[in-house]
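Visitor: Here is my input; please provide its structure:
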Amino acid sequence: MTQLKTQLTLEEFLALPEGDIIYELIDGEAVPKFKNDEMSPKFFHSSITGALFILLSAWAQGKGRVVIEWAIKLTRNQQDWVPVPDLTYISYNRLAADWLRDEACPVAPELVIEIISPGQSFGEMTEKATDYLKAKVQRVWIIDTKAKTITIFYPDALPQTKRGTDSLEDSLFENLQITPQQIFQQAKIP
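Guide: Below you'll find the predicted structure:
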């Protein structure tokens with residue numbers, strides 16, 4: 001009788017073949033990032049991703065890299081965890097500019113951004129933000145396209161929700177001068 005192995009090691013997970021479905025490693029299992037059609041990225045989600053990529057990439061020139069849906073090797077509950085945030089910013093101080101490998105991000109980045117998809121709740125995303133912070137990510141932005149808000153999670157302070165012309169300035173991101181309104185206008189979200 002054959003017994004199926006249900007727990008994957010980090011190496012086994014990272015060796016899985018690429019396909020049309022994006023997986024995250026959670027508690028030793030390969031879990032689809034989008035579990036059903038309701039959760040798959042829709043127009044607003046994709047538009048916000050594009051707008052953020054453009055705005056953050058312009059700011060990050062010479063400072064670091066902004067990457068869409070890049071797996072990150074982290075630890076959660078003393079187990080390997082490989083989430084795939086919608087966007088990631090990592091400075092060249094944390095990961096050198098000459099690091100060019102086709103693999104998961106090997107260190108915790110300064111910023112991960114998650115955009116709430118249909119079928120996901122703010123509460124679920126808050127739990128994920130907490131896990132990111134425990135794994136040494138320094139900032140987590142949760143974007144709600146319906147409310148047009150960005151909630152920023154910090155390792156040492158309460159979350160703050162920004163909307164409209166509120167500044168997203170942060171001492172961690174020197175000279176970053178954008179607002180939720182700019183992001184939503186760039187994405188053409190009504």
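Visitor: which ones are touching Glu114?
Guide: The contact partners of Glu114, taken as C-beta atoms under 8 Å, 6 or more residues apart in numbering, are 85-86, 125, 128-129, 140-143. For the C-beta atoms, the positions are set from N, CA and C on the backbone; glycine is no exception.
Visitor: Same question for it, what's its three-state structure.
Guide: Using DSSP: H, G, I helix; E, B strand; the rest coil, the structure places Glu114 in strand.
Visitor: gap between it and Phe43?
Guide: When C-beta to C-beta, to the nearest Å is the yardstick, Glu114 and Phe43 sit 17 Å from each other.
Visitor: go on, Leu158?
Guide: Taking C-beta to C-beta, one finds Leu158 at 32 Å from Phe43.
Visitor: Which element, helix or strand, includes Val107?
Guide: Assigned by DSSP states H and E, Val107 belongs to no helix or strand.
Visitor: burial measure for it, as a count.
Guide: Using other C-beta atoms under 10 Å, Val107 is surrounded by 12 other residues.
Visitor: quick one on the thing from earlier: between Leu158 and Phe43, who's got more neighbours?
Guide: Of the pair Leu158 and Phe43, Phe43 is the one with more neighbours under other C-beta under 10 Å, namely 11 against 7.
Visitor: Phi and psi next, for that one.
Guide: Summarising the backbone geometry of Phe43 under the convention degrees, to the nearest 10, its torsions are phi -60, psi -50.
Visitor: What of Gln78?
Guide: Backbone torsions for Gln78, taken as degrees, to the nearest 10, come to phi 60, psi 20.
Visitor: Return the per-residue confidence for it.
Guide: If you check Gln78, the pLDDT there is 90.
Visitor: That one: neighbour count?
Guide: Residues contacting Gln78 under the criterion other C-beta under 10 Å number 6.
Visitor: Give me the distance between it and Gly28.
Guide: Here Gln78 is placed at a distance of 12 Å from Gly28 (C-beta to C-beta).
Visitor: Out of the contacts of Glu114, list just those in strands.
Guide: Within the contacts of Glu114, membership in strands is found for 140-143, as judged by DSSP state E.
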